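Q: Here you go, sequence then predicted model.
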Amino acid sequence: MFPYITKLQNRFVTFYLAAIFLPITLLSGILYYYQDVQRNAKALNDKKDSLVVEQNYLENQLDNAHNYCTQLTSNYELSRLLKGYYTTEREVVYAYNSQLYSLISTISLYDQNLSNIIIYTNNMISCEILKGFESLDEFKNTYNRESYEVIYNKLLAGYWEAHSIDDDLQFSYYTGVLSPPMTQFSGIIRLNYNSRIFDEYADSNPDSAIYIYLGESLVYSRNDSDSAASCLQLYEPALLTGAETPVIIQDSRQNFTLSSISLCNDTFRVVRITPDGSSLISYYPLLLSMAISILILLSSSILIFILIFQPFRNIVKLSEHMNNQNDHTMKPYNGKLSKDEIGDLIISFNQMTQRINELSASLLNKEMQLKNAQIEALHAQLNPHFFYGTLESIRMIAEANHQELISEIAYSFGNLMRYSLSREYLLSVNKEIEMTKQYISIQEKRLVNRFHVEWVIDELEDNWRCPKFILFSMVENVFSHNVSKCRNFIHIKVEILKYGDDLSITVQNSGPGITAKRLEEIQYFLHHPKERAVMVSENNGRSIFNISDRLRLFYGDDYHVTVESMENGITTCNVRIHKNFINF
């Protein structure tokens, strides 16, 4: 073998060529030939079965003509009318309307292939006044005396004829109605059929040429072609044999399949010529050759196990072990080490697993430290801002009121300080609402009759949680930028509503509002935090940006912060979070 081929490949290729490839190739050729013969025989039988079904269908359609004639000849009123019992117009019309009209109408409506029904009779009154009744002499005139005697027996059993009327093919079924002493006919029934029954048969086989013979005469053709016509001319005697069973002929030279079925006791012959499509490759030889190859493998099981199975089993186990690595920490492979390339691969995989686990643990620890540091830094921005604002409130109230209300403010301030300095980052929404109301109570004592707060809150369970100071910061932002800087009365509306598993927190207030340019900057910097350093505005939006940054740490991208405002109008800040997506 070639020097660059490994030991495992060398053993596999040698065994494959000697024990598998050559035997399977030989067996596949033999089995394919055998299966192809069987497949052709099965296809021929299937075609014969299909022809039997088609023959039965067309036979039933044509047999309807005999059934209709039986219904008409057994009709009491028609029998009396044909035998001349009714001699006045009134009697004829009464007999026709009482039974004949409904029977003939029913037959015509039931069979769409039936064009019309003609009844030949010697009753001249019925011929003059009834539609579909004609003189029996007109029928006899179409035949000379000798011919009429010939068709006597045919009329007893019923027979078919084909006519071409205005280039349209029409088939007629005739049967006679005998009258005593049963030597002559009192009437003849003629059922005229269009070619629809054979048109439908031709349309169901659009790739085939269809030929209809009445006796030995070709009366109908469809989808005819030169190649089909030449093929028909070659095999026509064999196809028009008197056999009642379907006839199938395969012409492999011209690649045609010819079939013939007999209808109505060989009255009609339907010949179909179908071009054969390309032969499909059968998969049975492959399956059979695989079964034989398995026997060969079983006979060589010991050699397979030593040279191939054991190394490949180790490969499969190692592959399954690698595919099952779904946790953050990878597990080393503890299977048996072989003394070949598979063993070297297992050792390399275990070394790689150990190294990846060390790097993963180190990276996870650094990410956790970074996230905690970011949260602490953002909270550190909030605490001094609130602390100095509260102290200023206490100072102003003390100067204006000396010592009144100080105890109440101190109480509220103490609660807020404890809430602010707590180490919990994710608290109940109800707790956040309570602390926000404490803050508002302080502002009510400081800014008497300067604002009004309307609360709209859904009932919330304790499992509805949010990051600390979300609602608080939104409300505090209203006082910092509206109430404190405006002498007008400010209306504030706080809505906390549930939408399925989503929680919507909205703070809406009247006041000076935000200019369109400033609002555009805020919305831009909300989605581009790295560019906030270029902001030079006195009111740099730190509060709303702080809210967005902290929500991103807790929820990733599964949150929404929106700010809408009109100058000297309504300003709305909305936060929407999902209670089930908290990544911290």
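A: Ah, there it is.
Q: going forward, measure contacts between C-alpha atoms and count neighbours the same way
A: Will do.
Q: Where do the helices of the stretch 101-250 of the chain begin and end?
A: 101-110, 124-129, 136-141, 145-157, 196-203, 226-239 (DSSP state H, counting those that start in this stretch).
Q: Show me which positions of the third one end up buried.
A: For helix 136-141, the buried set under the neighbour-count rule, 16 or more other C-alpha atoms under 10 Å, comprises Leu136.
Q: Quick check: mean pLDDT of that helix?
A: For helix 136-141, the mean per-residue pLDDT is 80.
Q: Can you name the residues in contact with it?
A: 120-122, 148, 187-188 (C-alpha atoms under 8 Å, 6 or more residues apart in numbering).
Q: mind redoing it with 7 Å?
A: The contact list for helix 136-141 (C-alpha atoms under 7 Å, 6 or more residues apart in numbering) reads 120-122, 148, 187.
Q: Domain boundaries for this structure, per the record?
A: Following automatic domain parsing, one gets these domains for the chain: 7-58+200-275, 75-189, 424-578.
Q: With respect to Ile273, which of the helices of the stretch 101-250 of the chain lies nearest?
A: helix 226-239 (6.4 Å; C-alpha to C-alpha).
Q: Can you dump the C-alpha atoms of the closest one in CSV for me?
A: Output of helix 226-239 as CSV, limited to C-alpha atoms (Å, rounded to 0.1, in the frame of the first residue of the first chain):
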residue,chain,number,x,y,z
ASP,A,226,-47.9,8.3,-37.8
SER,A,227,-45.8,6.1,-35.6
ALA,A,228,-48.9,4.8,-33.7
ALA,A,229,-50.7,4.2,-37.0
SER,A,230,-47.8,2.2,-38.5
CYS,A,231,-47.5,0.2,-35.3
LEU,A,232,-51.3,-0.5,-35.4
GLN,A,233,-51.1,-1.6,-39.0
LEU,A,234,-48.3,-4.1,-38.1
TYR,A,235,-50.2,-5.7,-35.2
GLU,A,236,-53.8,-5.2,-36.2
PRO,A,237,-54.7,-8.8,-36.9
ALA,A,238,-53.4,-10.0,-33.5
LEU,A,239,-55.2,-7.2,-31.7
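Q: So, low pLDDT: which residues of the stretch 301-450 of the chain?
A: Applying pLDDT under 70 to the stretch 301-450 of the chain picks out residues 301-313, 316, 327-328, 338, 373-408, 410-411, 414-415, 418, 421, 423.
Q: Strands of that one, start to end?
A: 426-428 (DSSP state E, counting those that start in this stretch).
Q: Over to the stretch 1-150 of the chain?
A: Ranges of strands in the stretch 1-150 of the chain, per DSSP E, counting those that start in this stretch, are 114-121, 133-135.
Q: Sheet partners, orientation included, of the shortest one?
A: Looking at strand 133-135 with DSSP bridges, its paired strands and their directions are strand 114-121 (parallel).
Q: Just send the contacts of helix 136-141 back as TSV, with neighbour count too.
A: Below are these laid out as TSV (neighbours: other C-alpha atoms under 10 Å):
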residue	neighbour count
Tyr120	26
Thr121	26
Asn122	20
Tyr148	16
Gly187	26
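Q: which among those residues gets closest to Tyr235?
A: Nearest to Tyr235 among those, with distances taken as C-alpha to C-alpha, is Tyr148, at 35.1 Å.
Q: about what we covered before: where is pLDDT lowest across the contacts of helix 136-141?
A: Ranking the contacts of helix 136-141 by pLDDT puts Tyr148 at the bottom, with 65.
Q: Output the strands of the stretch 1-150 of the chain in a markdown table; the columns should cover distance to Thr14.
A: Output for the strands of the stretch 1-150 of the chain, formatted as a markdown table (distance: least, C-alpha to C-alpha, whole Å):
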| stretch | distance to Thr14 |
| --- | --- |
| strand 114-121 | 76 |
| strand 133-135 | 92 |
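Q: Quick check: beta-bridge partners of Gln250?
A: Applying DSSP bridges, one finds that Gln250 bridges with Thr257.
Q: so is Asn568 in a helix, a strand, or just coil?
A: Classification of Asn568 by DSSP: H, G, I helix; E, B strand; the rest coil places it in coil.
Q: Quick one: residues contacting it.
A: Taking C-alpha under 7 Å, 6+ apart as the test, what Asn568 contacts is 511-513.
Q: Same question for Ser108.
A: Counting by C-alpha under 7 Å, 6+ apart, Ser108 touches Leu114.
Q: Against Glu91, how distant is it?
A: From Ser108 across to Glu91, the span is 24 Å (C-alpha to C-alpha, to the nearest Å).
Q: can I get the domains of the chain in JSON lines with distance to Lys336?
A: Listed next are the domains of the chain as JSON lines, based on distance: least, C-alpha to C-alpha, whole Å:
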{"stretch": "domain 7-58+200-275", "distance to Lys336": "17"}
{"stretch": "domain 75-189", "distance to Lys336": "80"}
{"stretch": "domain 424-578", "distance to Lys336": "44"}
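Q: among these, where is the model least confident on average?
A: Among the domains of the chain, domain 7-58+200-275 scores lowest, at a mean of 79.
Q: how much distance is there from that domain to the middle of the chain?
A: Centroid separation for domain 7-58+200-275 versus its chain: 36 Å, with C-alpha atoms, centre = their mean, to the nearest Å.
Q: buried set for stretch 245-257?
A: By neighbour count with 16+ other C-alpha under 10 Å, stretch 245-257 contains the buried residues 246-248, 250, 256-257.
Q: out of the contacts of helix 136-141, who's nearest Lys366?
A: Tyr120 (108.2 Å).
Q: I'd say that closest one and Leu191 touch.
A: No - in this structure, Tyr120 is not within contact of Leu191 by C-alpha atoms under 7 Å, at 11.2 Å.
Q: Distance from stretch 458-473 to the middle of the chain?
A: In terms of C-alpha atoms, centre = their mean, the centre of stretch 458-473 is found 43 Å from the chain centre.
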